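1. coordinates only, sequence not included:
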């Protein structure tokens, strides 16, 4: 599987921002994976230390649903992360420290082919930002 962006980033807690990457065919290097070939996309988001699912994203449908879009021809995947996607899960995470979250996209395409892509998200605890 080829997704062409760096698979980690650091964000402030409760920050909304996009994550983008380009889906490419495993069989033809450099060829964008067209939406018409994609059967399913499931997104799971969890806290790495505790395994806690974040923002109800447990194998959530993400094929042009639930804040994820895939361009019809270019394979550009855009996930518009919501504030709740970057919430601090562990109340003991101290100010200025990072909490490690992982988003995993599980993609089935061309009926029998499968790829997964994980992105590590390091969420900074900032006590100056309210939790609501």
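-> Yep, that arrived. If you're wondering where the values come from, they're calculated on a predicted model, not measured in any experiment.
2. What ranges does the protein have for its strands?
-> Along the chain, counting by DSSP state E, strands occupy 2-3, 8-12, 17-24, 38-47, 60-61, 68-70, 76-81, 98-109, 113-124.
3. Residue 89 is nearest to which of these?
-> strand 38-47 (4.2 Å; CB to CB). All C-beta spots, glycine's among them, are computed from the backbone N, C-alpha and C.
4. which regions of this structure sit below the pLDDT cut-off?
-> 1-7, 127-132 (pLDDT under 70).
5. What's the local residue count around residue 87?
-> For residue 87, the count of nearby residues is 16 (other CB atoms under 10 Å).
6. Touching, it and residue 13? I think so.
-> Yes - Residue 87 lies in contact with residue 13 (CB atoms under 8 Å); the separation is 6.4 Å.
7. Could you list which residues are in contact with the residue nearest to the spatial centre of the chain?
-> Central residue of the chain (CA atoms, centre = their mean): residue 103, 4.1 Å from the mean position. Under the criterion of CB atoms under 8 Å, 6 or more residues apart in numbering, the neighbours of residue 103 are 19, 43-45, 57, 79, 85, 118-119, 121.
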